[in-house]
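Asker: sharing a sequence plus its predicted fold:
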Amino acid sequence: MTTKTALPAQQRTLNRARGRDYILPACVALACAGAAFAGADTTFDPALTKFTDFLEGSGGKIITVLSLAGGLIGLASGRFSLGQVAVPVGVGIGVGTGVPIVTSVVTAVI
């Protein structure tokens, strides 16, 4: 059978002080926050285009080759795991086909 023990007065005071440390900044942030709306804003289009081109082009190939090299190093160390083969394959598929899928879904939602 367990019994509940009350917190000492010092601990209760410390807990209240910690609560105020979080509640006050949260209230200030809520009061100052503005609404965010999705729309036809093109602010980040250049960055999105550059990042997409990087992943679909040579950057995606480099990421895939590095992942494959990591899997081969793991295999050479003598510890065989299916993940050492599956992860590079998944990375290659994700980089090759994942970017256009995500881009089309985001474009369709907006």
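Answerer: Received, thanks.
Asker: hey, let's count contacts and neighbours off CA atoms from now on
Answerer: Will do.
Asker: distance check, D21 against A29.
Answerer: With distances taken as Cα to Cα, to the nearest Å, D21 is found 13 Å from A29.
Asker: which residues touch L55?
Answerer: L55 sits next to K61, V95, G96, V99 when contact means Cα atoms under 8 Å, 6 or more residues apart in numbering.
Asker: can you lay out those residues as CSV showing pLDDT, secondary structure and neighbour count?
Answerer: Compiled in CSV, the contacts of L55 are given as follows (pLDDT from 0 to 100; DSSP: H, G, I helix; E, B strand; the rest coil; neighbours: other Cα atoms under 10 Å):
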residue, pLDDT, secondary structure, neighbour count
K61, 83, helix, 17
V95, 79, helix, 20
G96, 76, helix, 17
V99, 78, helix, 18
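Asker: ok, now how distant is V95 from L68?
Answerer: 13 Å.
Asker: oh, I was asking about T49
Answerer: With distances taken as Cα to Cα, T49 is found 26 Å from L68.
Asker: with F44 instead?
Answerer: In this view, F44 and L68 are 32 Å apart by Cα to Cα.
Asker: between those two, who's got more neighbours?
Answerer: In this view F44 and L68 are compared by other Cα atoms under 10 Å, and L68 has more residues nearby, 20 against 8.
Asker: nearest residue to that one other than its sequence neighbours?
Answerer: Closest residue to L68 in three dimensions, ignoring its sequence neighbours and counting by Cα to Cα, 6 or more residues apart in numbering: P88, at 5.0 Å.
Asker: the one you found: helix or strand, and which one exactly?
Answerer: Taking DSSP states H and E as the definition, P88 sits inside helix 83-93.
Asker: and L72, by the same measure?
Answerer: Per DSSP H and E, L72 falls inside helix 58-76.
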